[in-house]
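# Provided below for reference: sequence and predicted model.
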Amino acid sequence: MRVTSVASLAVVLHAQCILCTHSAQCDVFAAGKACTQFPSIRQLPLGPFVLEDTYPMPYFITAPCHNVSAQNTNCTSFAGEDNSGAPVYAAAGNMRSPTCYALGHLSSCAVHLYDAKNATAGVSIVYEDGVGGRSVRYDLVCNATLPAHAGPTVVAENQGGPYEYLVTWQTPLACVTAAAPSESCSQDDTPQPTPDQLRFQEMEIGALVCYNMATTTGSQGCSAHSVPPVSAFTDVAPTKVNTDQWCAAIASFGAKYATLVAKHVCGFAIWPTKAGLPARNWTYMYSVPADRDIVRAFAESCSGVGVQLGLYYSVVSNTYLNVQGGVVLDPSTAQPGQQVVTQEEYADIVEQQLTELWTNYGDLAEIWFDGGFAVPSLQDKLLGLLNKTQPHACVFNGCGLSRNAIEWIGTESGHAPGPIWNPQTGCASGAGTPGGHSYIPKEVDLTLQNADTWFFHEGTGYRELHEMVGIYHDSVGKGGNMLLNVAPPPNSTIPDVAMTRYANLGKFIRTCYGQGSEAAPTAIASTQQGCTDCWNISLSLAHLSVPAAMDRFIIKEELSGGQLVRSYSILVDDKIVYNGTAIGRSQIVLLPTVVTGAATVMLSITSAVAVPSFRLFAVPDPDACIVSNSTFGCHVVENVLYTGLTLKSADVSSVDQCCLLCRMDMSCAFFTLVPSQPNGTDPYMVQDDTIRTENKSLAEPAPDTGHAAGYHCSLLSAQQGSHPSMGAISGSPSR
């Protein structure tokens, strides 16, 4: 038999093993929806065997979806790598004491039909993205005449590369029953979300609440060897923390879940942990006292406003225990205040504390592992504890641990890069890829305070509302979940300016875009009742008494079958005004110019891997989406001058004129206005509504209203900085 390169396979993907590093995730494979059922992978042979190839060193392979341990691979060391959950290992050296490398650790695992034209022939399982680009394909071929535990029948050389392998079983366990005639099987290759991932995405907005030792010490976390005393928190924070106000703020900006930092990198616990090491008569003493359980108070406050609870716990860092990067440092490096524990003891303490958090505060919507969960000998314990106590929680940085994994977008700016795809390959952060093998929603985290400041810092200041609206467009509006930071000061009461900013953001979202899958009441047109022809969804504007003005659209794809749309167009009166790729949970399309007088709007799906469906397609009213006093939907800030590459300049009499000029120029990203005649003219003088309905060009500036030109308007292609400038106004179009 000639071995086919894994990379060159041309087969149809029928089911997903997600990240098949644990057998619990892979018990039953189903092709399509309620279609061909495959038997349990756990029934396949468990024993290791040697894969002989053209290379002198042996390769140990275990049955797909089963964990490997040093005991059954003859491996005494793992080249410094975490071996937990890796299904495939390479052994270098002699058979008695080889060095083992995780070929499939955190690799993708896709399940295909063995024969795309014959659903009863068997199944292929492909591991990719292993160390060094290694991949292995298991062909499980139906042979009803063989005993159930028949092992690999063919092992041969490779054609596709030195690290691509094929292993074949002929076994009755691969024999399947074809789908019933009443069932239909899709042929798409898109992974599907778990019900818990789907629920998580439907919440769209969350909060990350940072109130811990760093709050009362005026820092953003502890250094590697600095442990503030417990009193640095308990003597500063009030006895009764204002968690009701926190949750009121969270609900005001529309968040449906809130994740509290229960333990940050310092190691300080804001719940009264009872973790300890009985054999040493040692107790974890770095926490709040029993009568000051902030986690419980926060959980109760969240429940009072209908916000679901999440908990953040730093597994890989704990200054109190001298842990960095998941590893206990040499005891000789310990400084005053730091405790000396072994690596095994640290794993035990983490397990105890997570057991407390995951069992004492109810169901969790989200578990946050900042920096991941790579602690030696801990992953299998975490998996078992997670499945036992919080099986429905979505896990941030949980790729390789949980079926309900969610992933970081890769930036803390709030501005997601490019279109967001839920499918992805491997576990790297980022915006995903349409051809990915695993379904992992993306979370976009950001701070309300300036300068990426997560814990309260006096004088840092807060982002302006127009900037927050832009971030909403670049997070939720691109298909991700927005996770907005809440950073109470040491006295635990959020300042009024922050409370107002949160409330105004929520008001804008509800007024402009509505809530969940319901359009705002002011929407010009919408459909949320499903569609008979989901390839082309048309909205009529004939019911409007006056010609409509449009500058944006919102689309919400129905994702239970996966993210299916690959490209689409939006047409106004049969003319394309926008072409896009990803839609996902939410996609907000901001047009470069205002469109007026249209009779119809159509969403046309130009490419999809299967028949798509949608929860919402709507045309918001631009007047309901105004962030500032600019009537054309531009975000502006006073007494600030942006600097950048100037496209062109013009004298104007109002902010609206400069805003309109920028919106009508596709190359304009920002604009500035400098007073040219300090004559007391209102800087936000509103122009005649005919400016919008006539859709003037740059050659036709807005009509003069009788005021002399009061500003010098500059259109910028990019912003390269800013500085305070009294009387100046800077802004950007709300695209």
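Sure thing, it's come through. Residues are numbered from 1 along each chain as shown.
# what's near enough to touch the nearest residue in space to Asp363 that is not next to it in sequence?
Nearest non-adjacent residue to Asp363, counting by CB to CB, 6 or more residues apart in numbering: His392, 6.6 Å away. Placement of C-beta: from N, CA and C, glycine included. By CB atoms under 8 Å, 6 or more residues apart in numbering, the contact set of His392 is Asp196, Asp363, Asn404.
# let's see it at 10 Å
Residues near His392 by CB atoms under 10 Å, 6 or more residues apart in numbering: Thr194, Pro195, Asp196, Arg199, Phe200, Asp363, Leu364, Ala365, Asn404.
# Is it possible to get CSV of the residues you listed that adds secondary structure, neighbour count and pLDDT?
CSV is the format used below for these (DSSP: H, G, I helix; E, B strand; the rest coil; neighbours: other CB atoms under 10 Å; pLDDT from 0 to 100):
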residue, secondary structure, neighbour count, pLDDT
Thr194, coil, 17, 91
Pro195, helix, 11, 93
Asp196, helix, 18, 94
Arg199, helix, 17, 95
Phe200, helix, 27, 97
Asp363, coil, 12, 96
Leu364, coil, 22, 97
Ala365, coil, 23, 97
Asn404, coil, 25, 92
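# quick check, nearest of those to Val674?
Phe200 (46.5 Å; CB to CB).
# How far off centre is the longest strand along the chain?
Ranked by residue count, the top strand of the chain under DSSP state E comes out as strand 711-733. Remark: strand 711-733 is offset 32 Å from the chain centroid, using CA atoms, centre = their mean, to the nearest Å.
# Just the terminal-to-terminal distance for stretch 234-250.
Its start and end residues considered, stretch 234-250 measures 25 Å (CA to CA, to the nearest Å).
# can you check stretch 229-237 too?
13 Å.
# Could you count how many residues lie near Gln720?
Residues near Gln720, counting by other CB atoms under 10 Å, number 10.
# Verify the contact between it and Thr643 for me.
Yes - here Gln720 lies in contact with Thr643, judged by CB atoms under 10 Å, at a distance of 5.4 Å.
# quick one, what contacts Ala290?
Trp271, Pro272, Lys274.
# Just name the closest of those to Gly470, please.
Trp271 (36.4 Å).
# would that closest one count as being in a strand?
No - per DSSP: H, G, I helix; E, B strand; the rest coil, Trp271 lies outside any strand segment and is coil.
# Once you drop chain neighbours, what's closest to it?
Of all residues not flanking Trp271 in the chain, Val295 sits nearest, at 4.1 Å (CB to CB, 6+ apart).
# check contacts around that neighbour.
Per CB under 10 Å, 6+ apart, neighbours of Val295: 243, 260-263, 269-273, 288, 309, 311, 356-357, 360-361.
# let's see 8 Å
Leu260, Ala262, Ile270, Trp271, Leu311, Leu357, Tyr361.
# For it, give me the backbone phi and psi.
phi -60, psi -40 (degrees, to the nearest 10).
# and it, what pLDDT?
We have a pLDDT of 98 for Val295.
# What segments of the chain are helices?
Secondary structure of the chain (DSSP state H): helices located at 195-203, 213-217, 231-234, 243-252, 294-304, 343-360, 379-389, 465-474, 496-513, 655-663, 690-694.
# Would you list the phi and psi of the residue nearest to Asp363?
The phi/psi pair for His392 (degrees, to the nearest 10) is phi -100, psi 0.
# Check the gap between it and Thr194 for me.
9 Å (CB to CB, to the nearest Å).
# shared neighbours of the two, anything?
With CB under 8 Å, 6+ apart, His392 and Thr194 have common neighbours Asn404.
# For the spatially closest residue to Ser287 that is not a sequence neighbour, the count of nearby residues, please.
Using CB to CB, 6+ apart and skipping the chain neighbours, the partner closest in space to Ser287 is Ala269 (3.7 Å). Other residues within reach of Ala269, judged by other CB under 10 Å, total 25.
# Also Gly479?
Close neighbours of Gly479, defined as other CB under 10 Å, add up to 30.
# With Lys388 instead?
11.
# got it, and Met664?
Number of residues near Met664 (other CB under 10 Å) recorded here: 19.
# before we move on, back to that, just the closest of the contacts of Val295 to Leu383, please.
Closest to Leu383, out of all of the contacts of Val295 and judged by CB to CB, is Leu357, at 16.2 Å.
# returning to what we had before: Serialize the contacts of Ala290 to JSON lines and add fields for neighbour count, distance to Tyr211 and pLDDT.
Shown next, in JSON lines, are those (neighbours: other CB atoms under 10 Å; distance: CB to CB, whole Å; pLDDT from 0 to 100):
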{"residue": "Trp271", "neighbour count": "25", "distance to Tyr211": "12", "pLDDT": "98"}
{"residue": "Pro272", "neighbour count": "16", "distance to Tyr211": "16", "pLDDT": "97"}
{"residue": "Lys274", "neighbour count": "12", "distance to Tyr211": "22", "pLDDT": "97"}
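# quick one: buried residues of stretch 339-354?
Under the neighbour-count criterion of 16 or more other CB atoms under 10 Å, stretch 339-354 has Gln339, Val341, Glu345, Tyr346, Ala347, Asp348, Ile349, Val350, Glu351, Gln352, Gln353, Leu354 buried.
# The closest residue to the third one other than its chain neighbours and Cys512: what is the separation?
Across the structure, with CB to CB, 6+ apart as the measure, the residue nearest Glu345 apart from its sequence neighbours is Leu277 (5.7 Å). Remark: distance between Leu277 and Cys512 (CB to CB) = 55 Å.
# Could you check which of those two has the larger neighbour count?
Taking neighbours as other CB under 10 Å, Leu277 and Cys512 compare with Cys512 leading, 25 against 16.
# can you pull the buried residues of stretch 413-425?
Under 16+ other CB under 10 Å, the buried positions of stretch 413-425 are Ser413, Gly414, Ala416, Pro419, Ile420, Trp421, Asn422, Pro423, Gln424, Thr425.
# Over to stretch 216-236?
Going by 16+ other CB under 10 Å, stretch 216-236 has these buried residues: Thr216, Thr217, Gly221, Cys222, Val227, Pro228, Val230, Phe233.
# Taking those residues together, which two end up most distant?
Using CB to CB, the two most remote members of the buried residues of stretch 216-236 are Gly221 and Val230, lying 16.6 Å apart.
# still on that earlier bit, and the residue nearest to Glu345, bridged to which residues?
Trp282 (DSSP bridges).
# shouldn't it be in contact with Val341?
Yes - under the criterion of CB atoms under 8 Å, Leu277 makes contact with Val341 at 7.4 Å.
# Now list whatever residues contact both of these two.
Ile349.
# which residue sits closest to Gly414 in space, ignoring its chain neighbours?
Leu446 (3.2 Å).
# and that neighbour, what does it touch?
Glu412, Ser413, Gly414, Ile471, Ser475, Met482, Leu483, Leu484, Asn485.
# give me every residue that touches the third one.
Residues touching Gly414, when contacts are defined by CB under 8 Å, 6+ apart, comprise Val444, Asp445, Leu446, Ile471, Asp474, Ser475, Met482.
# which pair in these spans the largest distance?
Applying CB to CB across these, the maximum distance is between Asp445 and Asp474, 12.7 Å.
# Adding distance to Ala334, write the contacts of Ala290 out as TSV.
Shown next, in TSV, are the contacts of Ala290 (distance: CB to CB, whole Å):
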residue	distance to Ala334
Trp271	25
Pro272	25
Lys274	23
